[in-house]
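Visitor: any chance you could fold what I've pasted below:
(2 chains)
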There are 2 protein chains.
Amino acid sequence: MLKELLTPEIVQLIRERQWTDMRDALIIWPPAEVADLIASIDEPTRVLLLRFLPRYYEAEVFAELTPGLQNDLLTELTNREVRGLLSELSPDDRTALIDEMPAEVTRRLLGLLSPEDLAETRQLLGYPEGSVGRVMTPSFVDIRADMTAAEALERIREQGSESETVNVVYVVDADGKLLDEVSLRHLVLAPPEKKVEFIMDDSFVSLSGYSDQEEAVAVIRKYNYLALPIVDSAGVLIGIVTIDDLMDVAESEVTEDFQKMGAVSARVGGDGPIESVKEAAVSILFRSRIGWLVLLVLVNILSGFEMSFFTHTIETTVALVFFLPLLVGSGGNAGSQSATLLVRALATGNVKTADAWRMIVKELSVSALLGLTMSFAVGGLAFYRGGAKVGIVVMVTMVLIVTASSLLGLLLPFILKRFGKDPATASAPLVASIADISGILIYFSIASWVIG
Amino acid sequence: MLKELLTPEIVQLIRERQWTDMRDALIIWPPAEVADLIASIDEPTRVLLLRFLPRYYEAEVFAELTPGLQNDLLTELTNREVRGLLSELSPDDRTALIDEMPAEVTRRLLGLLSPEDLAETRQLLGYPEGSVGRVMTPSFVDIRADMTAAEALERIREQGSESETVNVVYVVDADGKLLDEVSLRHLVLAPPEKKVEFIMDDSFVSLSGYSDQEEAVAVIRKYNYLALPIVDSAGVLIGIVTIDDLMDVAESEVTEDFQKMGAVSARVGGDGPIESVKEAAVSILFRSRIGWLVLLVLVNILSGFEMSFFTHTIETTVALVFFLPLLVGSGGNAGSQSATLLVRALATGNVKTADAWRMIVKELSVSALLGLTMSFAVGGLAFYRGGAKVGIVVMVTMVLIVTASSLLGLLLPFILKRFGKDPATASAPLVASIADISGILIYFSIASWVIG
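Guide: Next up is the predicted model:
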């Protein structure tokens, strides 16, 4: 790749302070590569490098940096430089930057915006966190239905350099109301004199600025769109969201689901998951983990409390204890499996709450088969080490625990979703801990009944 | 959304067998919606509906169906109909279909392809599973550097209706060697007489057909591209992959990571994760889960075996057993957290193997703090229920178990990655089960030392 080949040369140019040569070598790089380069060099050089880039390009590079690095660089730049940078950022990148900086930096940035940019930024920041409005951009090309394809292309030439994308343009009426979207492809392929209204196919999906970003991701993925139009309550086109921003949203959502599934709180110290585990402070990592751990301690204390009811059985047959980690562990594992499968299936839309019964019936068969197989896998050992009675208890318990835990792992995400909670809250540790409680009850109940 | 509003009407038209009205109402729908509709109606009607769609549109709808439904429908269609359908499918959709069908269906489909389509399909299927070649399409627009922008647009008009995308076109030399990519946007915005060579920016990333699909996803995400050119070993452009196909690849990868993290084998009965948990047969679900469960049973048996060395300690102080689920459970939970955080960070590229030391040092601080907090959370109860000695043992063990398990959860993904394995194999159940072994050893060692 370009970067691996050229980085040594660039580093050399930087070392020799050959700024103009460096700039000429760099500006053909994709901005994301230069952002990587900046992240890898020392702090004083970073600012110098950034200062020598052409301003339009500097803004593109800056938008690709991590919030931590953006913050560091902003403190190094003069107000004049920051003002120039802000004016070159695209509206959605500008909103994202102001949104992600600490409060005092945000205040400084807002003070350096031009009046129009300030109004625009305030409008975008007015949308709730996680809404489409927060990632949309008001830069789009709008055309009219009575234009010809040639006129529409002419309009794209006039407006296009400012627009976030021209791959899709939007047909609006005199009031700005969205009538349809037309791809640049269709405009280019159409005879120049063909009217836009005959190129339109009356098929588009628009969202409100208040729609959930997840909804936008689902729509763009389902219909293979490159951008989505955003309209106000009167149907007037107010902005667009593009696929690259929605891919970032989708990646962040997946990270959030992952962290939830691992019993890590996804919303500590910010309005999203921990995007950079590498850069996250010890305190952030601690706070994101301690909540669930302490809560699960309480669940686990219940397990111990429960066992104390069976003190007599345990004292009579200590061998029972040796199979405890195996039995409750297997239950936890089977439960984690079914929870994981279901949480992901609910996230992709493959399974819906309406499918609950069908899934329960299937899970019963699957988990009974799993339990039986595992029961035979450990049966011999249990008979050998604990005798006939312990053997029977362990085998029967294994089937029941695996079935019960699998059902628990399946039901918990359904129940959470039913009550409007995120199914991913049914993390592997939560399912395993709850499975422990029922597992211990099943095991020692059967044991005290069989062994007496 | 369109679908919710119109489905009742369409269903009514279908019921009344008003096929032409139905077709006229349907063809303005996005194909993905019609695919949803087909999935929701009964089998005989499905085929009829499909037969009444215009052929180009039928192919687009068909490509959006699940493999199971595609298979069902193919058995209902005549050879003549299947031949028509195949010829209308885009090359990448055609390859995907043939790839996903059972062997006997694949043979039938290959037999119905035109000679050119057959050659093309064989070439694409010649690339290994999971490679870019499998999802690329040979339909693209190529232009020459000495054309003017107007000539390039003319060429797009000629070739464009066949191409998968025209948002990006490719500049090649007389031998077909890729020189650069140019966006349609730049061609449209340029003065018509400007030469393509002056629009080129000499900045593009190309991949080989043998590259991993994950690499293509990473590149397209990093550079915000809409398509990637694929070249052969001589640098000749042989195909492109588009963002919509790569988004599907990315989603499938995330599903695979999820399933692995839940200790579900991602490659049972196919060459990818279980995409549809709803439709998966009991046997597939069983096979995807039993492997890890039985393996973990063996790990758990070790835990029990280990405990038998401490029979004397357990018999003397049965109260120790009551804290066992709590202590090993907490270790498992903390380990699952750190494993999840790291597996995701490795997947997004946020953390690299080179960061191992830095992450280990940070994890030591975080997990020691977590262990101390949890130790105090349970200390009172342990003193109250087990006396001073048990109290001390439980508190000290908690700190050590949480720290050790967290480090285990962090190290396992690093080690897997170091040896070329998928870090996601460090599933929550695997980490929890291994944490159990060390947890039991720590607990009873300290207990027998303190209590004697």
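Visitor: every contact and neighbour count from this point should use C-alpha atoms.
Guide: OK.
Visitor: identify the residues contacting A:V135.
Guide: Taking CA atoms under 8 Å, 6 or more residues apart in numbering or on different chains as the criterion, A:V135 is in contact with A:D92, A:T95, A:A96, A:V241, A:D245.
Visitor: let me see the contact set for the last one.
Guide: When you say that, I think you mean A:D245. With CA under 8 Å, 6+ apart as the criterion, the residues that contact A:D245 are A:V135.
Visitor: and it, what element?
Guide: Element membership of A:D245 [criterion: DSSP states H and E] is helix A:243-261.
Visitor: how much does that helix deviate in direction from helix B:243-261?
Guide: For helix A:243-261 and helix B:243-261, the angle between their directions (axes from the mean of the first three to the mean of the last three CA atoms, to 10 degrees) works out to 10 degrees.
Visitor: check the offset of the helix or strand following helix A:243-261 from the chain's centre.
Guide: Counting by DSSP H and E, the next helix or strand C-terminal to helix A:243-261 is helix A:282-308. Helix A:282-308 sits 25 Å away from the centroid of its parent chain (CA atoms, centre = their mean, to the nearest Å).
Visitor: next structured bit after helix A:282-308?
Guide: Sequence-wise, the next helix or strand downstream of helix A:282-308 (DSSP H and E) is helix A:311-316.
Visitor: can you tell me which helices and strands the helix or strand encompassing A:E116 packs against?
Guide: In this structure, A:E116 sits in helix A:115-125 according to DSSP H and E. Contact analysis of helix A:115-125 by 3 or more CA pairs under 8 Å, 6 or more residues apart in numbering or on different chains; DSSP states H and E lists helix A:91-100 as its packing neighbours.
Visitor: A:R108 - that's part of a helix, no?
Guide: Yes - judged by DSSP: H, G, I helix; E, B strand; the rest coil, A:R108 forms part of a helix.
Visitor: could I get the pLDDT score of it?
Guide: At A:R108, the predicted lDDT confidence score is 91.
Visitor: again with the one 4 residues further on
Guide: The confidence metric pLDDT takes the value 91 at A:L112.
Visitor: from chain B, how far off is it?
Guide: In this structure, A:L112 and chain B are 28 Å apart, going by CA to the nearest CA, to the nearest Å.
Visitor: my guess is that residue meets A:L85, correct?
Guide: No - using CA atoms under 8 Å, A:L112 is not in contact with A:L85; the gap is 10.0 Å.
Visitor: picking that back up, run the chain-centre distance for the next helix or strand after the helix holding A:E116.
Guide: Using DSSP H and E, the next helix or strand after helix A:115-125 towards the C-terminus is strand A:142-143. Offset of strand A:142-143 from its chain centre (CA atoms, centre = their mean): 33 Å.
Visitor: near chain B at all, strand A:142-143?
Guide: No - in terms of CA under 8 Å from any CA of the partner chain, no part of strand A:142-143 sits within range of chain B; the closest distance is 15.1 Å.
Visitor: list of residues touching that strand?
Guide: Under the criterion CA under 8 Å, 6+ apart, external residues in contact with strand A:142-143 comprise A:A152, A:R155, A:V169, A:Y170, A:V171, A:V172.
Visitor: and for the second one, the neighbour number?
Guide: This points to A:R155. For A:R155, the number of neighbouring residues by other CA atoms under 10 Å in any protein chain shown comes to 17.
Visitor: OK, contacts around it?
Guide: A:R155 makes contact with A:V141, A:I143, according to CA under 8 Å, 6+ apart.
Visitor: that one belongs to a strand?
Guide: No - with three-state DSSP as the criterion, A:R155 is located in helix rather than a strand.
Visitor: please report the distance of it from B:R155.
Guide: 22 Å (CA to CA, to the nearest Å).
Visitor: how about the helix holding A:D245: buried residues?
Guide: A:243-247, A:249-261 (16 or more other CA atoms under 10 Å in any protein chain shown).
Visitor: picking that back up, now the helix holding A:E116: mean pLDDT?
Guide: 88.
Visitor: chain center to it, what's the gap?
Guide: Relative to the centre of its chain, helix A:115-125 is centred 26 Å away, using CA atoms, centre = their mean.
Visitor: now that helix against helix A:91-100, angle please.
Guide: Here the directions of helix A:115-125 and helix A:91-100 differ by 70 degrees (the same axes, to 10 degrees).
Visitor: and helix A:115-125, what's buried?
Guide: Neighbour counts over helix A:115-125 (16+ other CA under 10 Å) mark A:D117, A:L118, A:E120, A:T121, A:L124, A:L125 as buried.
Visitor: give me the contacts around it.
Guide: Contact with helix A:115-125 is made by A:S87, A:P91, A:R94, A:T95, A:D99, A:L110, A:G133, A:R134, A:M136, as judged by CA under 8 Å, 6+ apart.
Visitor: just stretch A:172-185 next, same as before
Guide: A:142-145, A:166-171, A:199-204, A:231, A:234-237, B:160, B:166-167.
Visitor: at 7 Å instead, please
Guide: Outside of stretch A:172-185, the residues that reach it under the criterion CA atoms under 7 Å, 6 or more residues apart in numbering or on different chains are A:142-144, A:166-171, A:200, A:202-204, A:235-237, B:166.
Visitor: mark which of those are buried, thanks.
Guide: Judged by 16+ other CA under 10 Å, buried ones among the contacts of stretch A:172-185: A:142-144, A:166-171, A:200, A:204, A:235-237, B:166.
Visitor: isn't A:G272 right up against A:K260?
Guide: No - with contact defined as CA atoms under 7 Å, A:G272 does not reach A:K260; the gap is 11.4 Å.
Visitor: overlap of the contact sets of these two?
Guide: Here A:G272 and A:K260 share the contacting residues A:A266, scored by CA under 7 Å, 6+ apart.
Visitor: now the closest residue in space to A:V241 that isn't next to it in sequence: how far from B:Q18?
Guide: Excluding the flanking residues, the one nearest A:V241 by CA to CA, 6 or more residues apart in numbering or on different chains is A:M136, at 4.6 Å. A:M136 sits at a distance of 42 Å from B:Q18 (criterion: CA to CA).
Visitor: ditto for A:I301
Guide: The span separating A:I301 from B:Q18 equals 65 Å under the rule CA to CA.
Visitor: check A:P31 too.
Guide: From A:P31 across to B:Q18, the span is 55 Å (CA to CA).
Visitor: those two: who's more crowded?
Guide: Between A:P31 and B:Q18, counting by other CA under 10 Å, A:P31 is the more crowded of the two (22 against 12).
Visitor: isn't the more buried one up against A:A63?
Guide: No - A:P31 is beyond contact range of A:A63, at 8.8 Å (criterion: CA under 7 Å).
Visitor: tell me the one among the contacts of strand A:142-143 nearest to chain B.
Guide: Closest approach between these and chain B, by CA to the nearest CA: A:R155, at 9.9 Å.
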